[in-house]
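Predicted model and sequence follow; I will ask about them next.
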Amino acid sequence: MLGGGPPAGRVLPPPPTRTSRRQDIVSSTLVVAIDGPSGSGKSSTSRGVAAALGLRYLDTGAMFRAMTWAMLRDRVDVHDAGAVGAHAATPRLTSGTDPDGPTITVDGEDVSAAIRLPDVTAAVSPVSAVPEVRARLLELQREVIGDGGIVVEGRDIGSVVWPQAPVKVYLTADPSARALRRAAEEGGADLAATEQSLLARDKIDSGRATAPLTMPAGAHHIDTTPYTLDEVIGLVVALVEAVEARS
Ligand SMILES: Nc1ncnc2c1ncn2[C@@H]1O[C@H](COP(=O)(O)OP(=O)(O)OP(=O)(O)O)[C@@H](O)[C@H]1O
Ligand SMILES: Nc1ccn([C@H]2C[C@H](O)[C@@H](COP(=O)(O)O)O2)c(=O)n1
């Protein structure tokens with residue numbers, strides 16, 4: 001359900017703090033693109049990398065979730081692509097880019113918690129497949145990224161949104177590891193059901209006609225299954241440092 005009472009969905013964990021900040025070594029115009037399937041660790045890794053390097057952070061998944069939240073609020077049938085497309089220009093979305101406390105509002109209302117509720121998660125993939133939704137959010141995403149100095153995560157950042165990003169990362173993890181991590185985050189959710197839900201979203205996100213989830217050309221693939229979150233953050237920070245040192 002929308003609004004009303006404390007959220008029952010997942011709450012984003014705080015970013016790791018163990019990696020020291022090294023903003024002096026990256027250029028203020030740098031864009032780091034991080035893509036991958038649901039639950040592969042994009043948000044937590046991106047926030048940790050941005051915090052460590054003194055960069056901004058943009059969660060494009062939160063934008064698609066906020067658009068979906070607005071569709072549900074306005075009683076739009078999320079399985080009617082025509083209706084969703086006709087409504088895509090209506091909600092006013094604003095993303096805050098502080099990795100220590102990212103925010104998102106719809107028409108001035110803070111929806112950071114509401115967009116993680118199960119009803120939004122269940123509806124977000126069909127809404128994300130609608131071309132008008134993607135076109136609207138692409139424009140907003142490019143506005144935010146334009147100034148640089150940012151880590152951006154999603155499904156099509158390195159392939160469509162910002163293919164010129166000097167650092168592109170594609171994160172994956174075994175479905176069972178992703179389900180374990182997500183179930184732990186949600187306080188012991190059913191493992192099999194969690195894995196099914198992740199795989200169902202992967203299928204829609206990879207199979208849609210517009211900007212499907214894919215490993216972008218030139219991306220560095222990191223299978224995070226055997227690594228801790230701090231280790232993955234360290235790997236990406238090292239990659240950024242290596243690329244910056246060459247430029
Ligand atoms: N390398 C890792 N080792 C262990 N746990 C991890 C690792 N990376 C991320 N996690 C945990 O896995 C869960 C999912 O991570 P996260 O939300 O960052 O994934 P995501 O790819 O952004 O997911 P979604 O696409 O669904 O938003 C979180 O609880 C996070 O703390
Ligand atoms: N660049 C993006 C980001 C997200 N989406 C869609 C597909 C996801 O299922 C959904 C929610 O994203 P999450 O919060 O799980 O990262 O949003 C997309 O199509 N393109």
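Yep, that arrived. Ligands and ions are numbered 1, 2, ... in the order given.

got the contact list for the residue nearest to residue 92 when sequence neighbours are not counted?
Nearest non-adjacent residue to residue 92, counting by Cβ to Cβ, 6 or more residues apart in numbering: residue 107, 5.1 Å away. For glycine as for every other residue, the C-beta is placed from the backbone atoms N, C-alpha and C. With contact set as Cβ atoms under 8 Å, 6 or more residues apart in numbering, residue 107 has these partners: 70, 91-92.

who in this structure is up against ligand 2?
Residues of the chain lying close to ligand 2 (Cβ under 6 Å from any ligand atom) are 38, 60-61, 64-65, 124-125, 128, 154-156, 201, 205.

and which of the contacts of residue 107 is nearest to residue 223?
For those, the closest approach to residue 223 (Cβ to Cβ) belongs to residue 70, at 35.1 Å.

Remind me which helix or strand the closest one belongs to.
helix 60-73 (DSSP states H and E).

Which strands or helices does that helix pack on?
Contacts defined by 3 or more Cβ pairs under 8 Å, 6 or more residues apart in numbering; DSSP states H and E place helix 60-73 against helix 81-87, strand 93-96, strand 103-106, helix 118-128, helix 131-145, strand 150-154.

Could you look over the ones you listed and pick the most buried one?
The highest mean neighbour count among the helices and strands packed on helix 60-73, using mean count of other Cβ atoms under 10 Å, belongs to strand 150-154: a mean of 28.

Between strand 150-154 and the following helix or strand past that strand, find me the angle.
As assigned by DSSP H and E, the chain's next helix or strand after strand 150-154 is strand 167-172. Orientation check (axes from the mean of the first three to the mean of the last three Cα atoms, to 10 degrees): strand 167-172 against strand 150-154 gives 30 degrees.

average model confidence for strand 167-172?
On average, the pLDDT along strand 167-172 is 98.

Name the residues that touch that strand?
Contacts to strand 167-172, defined as Cβ under 8 Å, 6+ apart, come from residues 30-37, 40-42, 45, 157-158, 215-216, 218-225, 232, 236, 239-240, 243.

I'd like to know how far residue 233 sits from residue 157.
For residue 233, the distance to residue 157 equals 18 Å [Cβ to Cβ, to the nearest Å].

Over to residue 27?
Per Cβ to Cβ, residue 27 is found 18 Å from residue 157.

on that earlier part again, dump the residues of the chain next to ligand 2 into CSV; add pLDDT as well.
Listed next are the residues of the chain next to ligand 2 as CSV, based on pLDDT from 0 to 100:
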residue, pLDDT
38, 91
60, 98
61, 97
64, 98
65, 98
124, 94
125, 90
128, 95
154, 97
155, 96
156, 96
201, 87
205, 88
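
one step back: the more surrounded of residue 233 and residue 157?
Remark: of residue 233 and residue 157, residue 157 carries more neighbours, 29 against 25, as counted by other Cβ atoms under 10 Å.

is it true that the more buried one touches residue 63?
No - counting by Cβ atoms under 8 Å, residue 157 stays clear of residue 63, with 11.6 Å between them.

And the residues of the chain next to ligand 2, which is closest to ligand 1?
Taking Cβ to the nearest ligand atom as the measure, residue 38 is the one of the residues of the chain next to ligand 2 closest to ligand 1, at 3.9 Å.

Tell me the buried residues in the least confident helix or strand in the chain by mean pLDDT?
Scoring the helices and strands of the chain by mean pLDDT, DSSP states H and E places helix 191-207 at the bottom, with a mean of 91. Neighbour-count burial for helix 191-207 flags 194-195, 197-198, 201-202, 205 (criterion: 16 or more other Cβ atoms under 10 Å).

is it anywhere near ligand 1?
No - using Cβ under 6 Å from any ligand atom, helix 191-207 stays clear of ligand 1, with a minimum separation of 7.4 Å.
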